[in-house]
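> pasting the sequence and the predicted coordinates here, then a few questions.
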Amino acid sequence: MRLHFSRKLLGIPYAVFLAFFVIIPMLVILFYAFTDKEMHFSFGNFIQFFSDPTKLSTIVYSLVIAVITTAVCLAIAYPVAYILARSKMKKKFVILLLFVTPMWINFVLRVNAIRELLNWVGLLGEANYFNTIFGMVYDFLPFMILPLYTTMLKIDESLYEASADLGANSVTTFVRVTLPLSAPGIVSGITMVFLPSMTNYVVSDMLGNSKVTIIGKFIYEYFGSNWHMGSMVALILLIVVFLSTWLTGGFREDEPARGSSL
Amino acid sequence: MENLPAAAVAEKTIQDKPHPSDHIIELQDVTKYYDDNLVLDHVSLYVKKGEFITFLGPSGCGKTTTLRMIAGFDLPTSGKILLNGNDISALPPNKRPVNTVFQRYALFPHLNVFENVAFGLKCKRVINTYRNDEGKEYSKKERLTKKEIREKVEKALALVDLEGFEKRSIATLSGGQQQRVAIARAIVNEPEILLLDEPLGALDLKMRKEMQIELKEMHRRLGITFIYVTHDQEEALTMSDTIVVMADGLVQQIGTPIDIYNEPANTFVADFIGESNIFNGTVVGDKQVKFCGKIFSCVDDFDRNEPVDVVVRPEDVQMCAPDAGILKGTVISVVFKGIHYEITVQVGKYEVVVQSTESRREGDVIGLNIAPDGIHLMKPKYTSNVFDGTITKHNTVKFADGEFECDVTQLYPGSHIDDEEYLITAGGEKIDLTGAEVKVEIGLEDIAISDDENAGGTTGNIISIIYKGDHYRLIVRTDGEEEEDFVFATDDLWNENDRVSVIVPKEKIKLTLKHEEDKKK
């Protein structure tokens, strides 16, 4: 019998990868989240999490920080992306590159630099939440600019002309043409910034003078002592992210712009 | 280079009255540069209210730019655009009572058919007059009501045969349907002028023919002015009341389709519109012209011995018995074209193209006759090449982005060059010509080209090829800063846009000093 090599066989390495690094770990988290220290099935972690005001306030703080960070990133990135995408400048990629280059520099180095800067102006330890958000905006801004820029670059220039031709002034054109057509980029940018700003506790630790605790920090700390509680928090975070993605329409299949630039 | 005034024909008709009331659009001496590229060169023209006017020309002729300036997307570098006599040159597009049908439709992909068509109506504000309780009239600027918008959109969609398509998304429509939505979206605003930028370019031939008739019918029903841009001469001839033929940023001719076809203003128009035989001829007497080695009677009056371009439409050449015609030749090819045959006849060294419903066999010897009103004479645009040049220190001449060897002794009769490259006049005077400005003249027959870029004095691209019965007339534009044109005759067939180098034999470069003071030095 001849060995038949079908194309399906090419999928095996990926199936193995997904099983070992995605599905099994998820099941492990699920298992730990719903067991107690004796490995008996229990809702104890779940009840404990939602009855502890400190834990609840942490998740609210994380959400607020993430929302503000995302909003500030969007507010800064949108005009930049719009101007760059529509400019006829020949060297505009240089400017884009300048916005994006910090991404390629070591993350810890960047946060340290910001820390020194804040220390120098005397803000370190004085305005912990401001510092945290400032650092996050600085770190995550490129992730907002890139998807917005690529989406806007794809908008045909003649659509702006058509809008003006039909009597729309620049405000109307923005509201009725630019904004709806750049929506996939906005959604994409939000997802790229929102999740890391909920979990990236390196920024909050270093810039918030260890006074700001976000949900990611929580998970890290629990995995030092209590895997069961840590798994529960990770699971809750997963659900929050899933919900926010679903709400912004990120699971629709006609969204080619989602993260396409990265 | 001899440059005839841009739109000699156009300007004459325009300058009569300043702003006659039936001129809805008027371009006054409009010039447009994109960066450093001249795309429109002092163009003046007007559009009459209610007419269907077409800007026709090859790509890059400036026709789309002209349309975009009327729409307001581009601003003229200099000159004025008048709408009903008012200067609108600097008005933004949303303030102009014109609407555009874009080349690739530019429909909004996030809106459905109804929303696309309603887009302009939703931006619109109308002034409504009311009477208050005391009977006083007052007026308010208001948006159209939902009902008004719905009615107008439905009417516009009915006009383009798209009833019932309101809810369809743009992506599900065929090219032809998108085209119709684009037209509906423009005319629903009841513009004074509808601008159409090659609107049928993306459709297949049959659909294009249908849309041509529908657009013409729409123009008749709406009664508004249509300004249409196309490179398709047949489309222009079929649809237009007036055609503006453009090339190289200049208006070549303005006229009715019949005028443009029957009385082309120059060889470019003759070659671009329809098929034509173009020959070099000479006027030999009163309404007598000699070309293809024979003398013909014609209707155009030119001075005796004047060189002319002769244009003969293929359908104006009659075939007859071998000895009954003025010309006699051998059929070298016969092509069936549907309604007629295209027969190419070799007459001596000339080729004559004939269109006839009768066929002939290859190899047949036939006679050809041309009636006097089938012969159109035109003043040739080019009689020689003239450039501004400078003499270098090695006694070569620099012009047209290049450097050519030349004979500088022609500047001073009886002079010669000494060992140190100085010019010694007949009187023994020693002259340094370095930097002297000269006029360089080269005949149409004295230029050759080569695809070896280093073979000649300068390089350029072929921008125009016109067949003249026994040779081709080429124009090569240099690709350096000066962008000079070389016009010349050649027997070889080249392709447009070929990159070539220009060769001029040393003895064929005719020089004259520009300044007398250079002579005295």
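That came through fine.

> please identify the helix or strand for residue B:329.
strand B:327-336 (DSSP states H and E).

> tell me which other helices or strands that strand touches.
Counting by 3 or more C-beta pairs under 8 Å, 6 or more residues apart in numbering or on different chains; DSSP states H and E, the packing neighbours recorded for strand B:327-336 are strand B:341-347, strand B:350-356, strand B:365-370. Placement of C-beta: from N, CA and C, glycine included.

> how about the helices of the stretch 251-400 of chain B, start to end?
Under the criterion DSSP state H, counting those that start in this stretch, helices of the stretch 251-400 of chain B are mapped to B:257-262, B:267-272.

> how far is the first one from where the chain is centred?
Its chain's C-alpha centre and that of helix B:257-262 lie 15 Å apart, by C-alpha atoms, centre = their mean, to the nearest Å.

> report the rounded mean pLDDT for it.
For helix B:257-262, mean pLDDT is 91.

> how about stretch B:205-219?
91.

> in that stretch, what counts as buried?
Residues B:208, B:211, B:212, B:215, B:218, B:219 are the ones in stretch B:205-219 that count as buried (16 or more other C-beta atoms under 10 Å in any protein chain shown).

> what helix or strand is the first one located in?
It refers to residue B:208. helix B:205-222.

> for the residue in chain B sticking out farthest from the centre, grab phi and psi.
The C-alpha centroid of chain B is most remote from residue B:134, which lies 63.1 Å away (C-alpha atoms, centre = their mean). The phi/psi pair for residue B:134 (degrees, to the nearest 10) reads phi -80, psi 0.

> quick one: residues contacting it.
By C-beta atoms under 8 Å, 6 or more residues apart in numbering or on different chains, no residues touch residue B:134.

> check residue B:156 too.
Here residue B:156 is in contact with B:117, B:184, B:185, B:187, B:188 (C-beta under 8 Å, 6+ apart).

> so the third one makes contact with residue B:107?
So the one you mean is residue B:185. Yes - using C-beta atoms under 8 Å, residue B:185 makes contact with residue B:107 at a distance of 7.3 Å.

> burial of residue B:367, as a residue count?
18 (other C-beta atoms under 10 Å in any protein chain shown).

> what pairs with it across the strands?
With DSSP bridges as the criterion, residue B:367 is bridged to residue B:320, residue B:328.

> you'd agree it is up against residue B:319?
Yes - the criterion here is C-beta under 8 Å, and residue B:367 meets it with residue B:319 at 7.2 Å.

> mutual contacts of these two, please.
Counting by C-beta under 8 Å, 6+ apart, the residues touching both residue B:367 and residue B:319 are residue B:325.

> quick check: which ranges of the stretch 151-262 of chain A have low pLDDT?
For the stretch 151-262 of chain A, the stretches with pLDDT under 70 are A:248-262.

> again, 80 this time
In the predicted model of the stretch 151-262 of chain A, residues A:209-211, A:244-245, A:247-262 satisfy pLDDT under 80.

> so if I had to pick from residue B:185 and residue B:107, which one is more boxed in?
Set residue B:185 next to residue B:107 and count neighbours by other C-beta under 10 Å: residue B:185 wins out with 33 against 23.

> which stretches in the stretch 351-500 of chain B count as strands?
Here the stretch 351-500 of chain B has its strands, by DSSP state E, counting those that start in this stretch, at B:365-370, B:375-378, B:384-391, B:396-399, B:402-405, B:416-417, B:423-424, B:430-431, B:437-443, B:448-450, B:458-467, B:472-478, B:485-490, B:499-503.

> check contacts around residue 236.
Here I'm looking at chain A. Residue A:236 sits next to A:49, A:59 when contact means C-beta under 8 Å, 6+ apart.

> not quite, I wanted chain B
So residue B:236 contacts B:54, B:56, B:228, B:230, B:243, B:257 (C-beta under 8 Å, 6+ apart).

> okay, it: pLDDT?
Confidence for residue B:236, expressed as pLDDT, is 93.

> repeat that for residue A:32.
90.

> number of nearby residues for it?
Residues near residue A:32, counting by other C-beta under 10 Å, number 20.

> could you do residue A:179 as well?
Neighbour tally, residue A:179, other C-beta under 10 Å: 13.

> likewise residue B:193?
22.

> correct me, but it touches residue B:48?
No - if you go by C-beta under 8 Å, residue B:193 and residue B:48 don't touch, sitting 11.3 Å apart.

> any residues in contact with both of these two?
B:24, B:225.

> mind listing what residue 33 touches?
Went with chain A since none was named. Contacts of residue A:33 (C-beta under 8 Å, 6+ apart): A:45, A:46, A:228, A:231, A:232, A:234, A:235.

> sorry, I should have been clearer: chain B.
For residue B:33, the contact set (C-beta under 8 Å, 6+ apart) comprises B:39, B:77.

> and the stretch 151-300 of chain B, which of its residues are near chain A?
Where the stretch 151-300 of chain B comes near chain A, counting by C-beta under 8 Å from any C-beta of the partner chain, the residues are B:185, B:186, B:189.

> so can I have CSV of those residues showing pLDDT and secondary structure?
As requested, these are exported to CSV (pLDDT from 0 to 100; DSSP: H, G, I helix; E, B strand; the rest coil):
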residue, pLDDT, secondary structure
B:185, 95, helix
B:186, 94, helix
B:189, 93, coil
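
> OK, contacts around residue B:196?
B:100, B:101, B:215, B:226, B:227, B:228, B:229.

> for it, helix, strand, or coil?
Put simply, residue B:196 is strand when judged by DSSP: H, G, I helix; E, B strand; the rest coil.

> just the pLDDT at it, thanks.
pLDDT, read off for residue B:196, is 95.

> which secondary structure elements does the helix holding residue B:208 contact?
helix B:175-187, helix B:233-239.

> hang on, the earlier thing: redo the contacts of residue A:33 as a markdown table? Include distance to residue B:161, secondary structure and neighbour count.
Formatted as a markdown table, these follow (distance: C-beta to C-beta, whole Å; DSSP: H, G, I helix; E, B strand; the rest coil; neighbours: other C-beta atoms under 10 Å in any protein chain shown):
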| residue | distance to residue B:161 | secondary structure | neighbour count |
| --- | --- | --- | --- |
| A:45 | 66 | helix | 23 |
| A:46 | 63 | helix | 15 |
| A:228 | 69 | helix | 19 |
| A:231 | 64 | helix | 22 |
| A:232 | 63 | helix | 27 |
| A:234 | 60 | helix | 22 |
| A:235 | 58 | helix | 20 |
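
> between these, which is nearest residue B:400?
residue A:234 (75.0 Å; C-beta to C-beta).

> ok so, going back, and the furthest pair within the contacts of residue A:33?
Taking C-beta to C-beta as the measure, the contacts of residue A:33 span a maximum distance of 12.7 Å, between A:46 and A:234.

> what angle separates the helix holding residue B:208 from helix B:175-187?
Orientation check (axes from the mean of the first three to the mean of the last three C-alpha atoms, to 10 degrees): helix B:205-222 against helix B:175-187 gives 20 degrees.

> got a list of contacts for helix B:205-222?
Against helix B:205-222 from outside (C-beta under 8 Å, 6+ apart): B:52, B:159, B:175-176, B:179, B:183, B:187, B:194, B:196, B:199-200, B:203, B:226, B:235, B:238-239.

> can you list the strands that the helix or strand just after that helix pairs with?
As assigned by DSSP H and E, the chain's next helix or strand after helix B:205-222 is strand B:225-230. According to DSSP bridges, strand B:225-230 forms sheet pairs with strand B:52-56 (parallel), strand B:193-197 (parallel).

> so which of these is the most surrounded?
Ranked by mean neighbour count under mean count of other C-beta atoms under 10 Å in any protein chain shown, those are led by strand B:52-56, which reaches a mean of 26.

> residues making contact with it?
The set of residues external to strand B:52-56 that reach it, using C-beta under 8 Å, 6+ apart, is B:47, B:63, B:66-67, B:216, B:219, B:225-231, B:233, B:235-236, B:239-246, B:272-273.

> over to stretch B:390-409?
So stretch B:390-409 is contacted by B:387-389, B:415-417, B:421, B:423, B:432-438, B:440, B:456-460, B:478-484, B:486, B:502, B:504, B:506-507, B:509, B:511 (C-beta under 8 Å, 6+ apart).
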